[in-house]
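Asker: Give me the fold of what follows.
(one chain, ligands or ions: 1)
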Amino acid sequence: MMDENLSIGFIGAGMMASALIKGVIKAGKAKPASITASDAYQPSLDRQAAEGVHTTLSNREVVSRSRVVFLAVKPDVVASVLDEIKDDVDPDRHLIVSIAAGISLESMEGRLNSGARVVRVMPNTPCLVSESAAAFALGTHATAEDRALVQELMGSVGYACEVKESQLDAVTGLSGSGPAYVYLLIEALADGGVRMGLPRQVALQLAAQTVKGAATMVMTTGQHPGQLKDAVTSPGGTTIAGIEALEKAGFRGAAMGAVVAATQRSQELKALSATPDKSSK
Ligand SMILES: NC(=O)c1ccc[n+]([C@@H]2O[C@H](COP(=O)([O-])OP(=O)(O)OC[C@H]3O[C@@H](n4cnc5c(N)ncnc54)[C@H](OP(=O)(O)O)[C@@H]3O)[C@@H](O)[C@H]2O)c1
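Answerer: Numbering: from 1, shown residues only. Presented below is the predicted three-dimensional model:
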């Protein structure tokens, strides 16, 4: 169990940081007073201050006041932030947790003094409603305790699991981009309902709740989705007619293809962003 007085810092107090701060406080993992947040944008700090979080314009102060430091700035700012805090990061005291998409552990460790403990996390936007699906990879010097800590902190805003860093592109293609695929599905189901005569608002609510309910069934029963599908598919019935329409349209292939395409795009973007970074070192 984590110490609720654990000091946690956030460099960047934007959308993702706010969601994480809200989640860890709500889950009782940290008290507002033991959290410090910095940001270049004063209204973001004002929002955190209103929650009782200590705020500052200084990223270095975040490091000096915290044991766990989340890097929650946009990826293009990570290098300059690391350069700024580098000499304040003490491998014995600090764990650096980056949520910046596409920034490798090697590049972050390379910018910090040797021995720095770094963990890279890929969360997704349902973090805003404490339903994140996140995966994380440990850096060279991160410890078993660091693993447990990140698991507990990210677990306080949803599901979290450890993967190899090389798998984070696939995580991006699946759960990082995945909410958008599901929004598309919900919209399309609702359109189908409207096409068949339901009022728009009713159709949308029924579609969204159906997706939420089906996901909850998969997660709570532990049954394979195929088993759950079979259980609601009676011979000659309505559901098998709907499934036939989906199969004819290549639904499974389309869903798999979305994950493959987004994973490949993540790999491409990583390759593009790695080129200038290496040449500037
Ligand atoms: N949103 C997602 O779905 C998602 C999913 C996975 C990972 N992520 C990652 O999460 C990170 C944060 O995303 P976000 O959506 O929360 O971004 P965001 O809302 O733009 O928050 C980033 C904040 O950092 C501030 N900032 C910029 N430069 C700074 C500096 N030098 N020192 C301190 N603060 C600084 C920004 O201020 P200004 O606005 O004034 O620049 C902004 O308020 C990104 O790296 C992203 O890749 C996001």
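
Asker: the domain parsing of this structure - what is it?
Answerer: With domains defined by automatic domain parsing, the chain comprises 8-164, 176-260.

Asker: what's the closest of those domains to the ligand?
Answerer: Taking C-beta to the nearest ligand atom, domain 8-164 is the member of the domains of the chain nearest to the ligand, at 1.8 Å. Using the backbone N, CA and C atoms, a C-beta is placed for each residue, glycine as well.

Asker: Any residue of the closest one touching the ligand?
Answerer: Yes: under the criterion of C-beta under 6 Å from any ligand atom, the ligand is reached by domain 8-164 at 11-17, 38-41, 44, 59, 72-75, 77, 81, 99-101, 122-125.

Asker: ok, of these, which come out buried?
Answerer: 11-14, 16-17, 38-39, 44, 59, 72-73, 81, 99-101, 122-124 (16 or more other C-beta atoms under 10 Å).

Asker: What about those, which are in helices?
Answerer: Counting by DSSP state H, the members of those that fall within helices are 16, 17, 44, 59, 81.

Asker: Give me the phi and psi for the closest residue to the second one other than its chain neighbours.
Answerer: Leaving aside its chain neighbours, residue 17 sits nearest to residue 72 (3.8 Å; criterion: C-beta to C-beta, 6 or more residues apart in numbering). Summarising the backbone geometry of residue 72 under the convention degrees, to the nearest 10, its torsions are phi -120, psi 40.

Asker: Adjust the sequence numbering to begin at 502 for everything that follows.
Answerer: Right, with 502 as the first residue, what we last looked at is residue 573.

Asker: Settle this for me: residue 573 is touching residue 522, isn't it.
Answerer: No: contact criterion C-beta atoms under 8 Å: residue 573 and residue 522 do not qualify, at 9.3 Å.

Asker: Buried residues, the strand or helix carrying residue 771. List them.
Answerer: Using DSSP states H and E, residue 771 maps to helix 752-781. Within helix 752-781, the residues that count as buried by 16+ other C-beta under 10 Å are 759, 760, 763, 764, 767, 771, 774.

Asker: Many thanks, have a good one.
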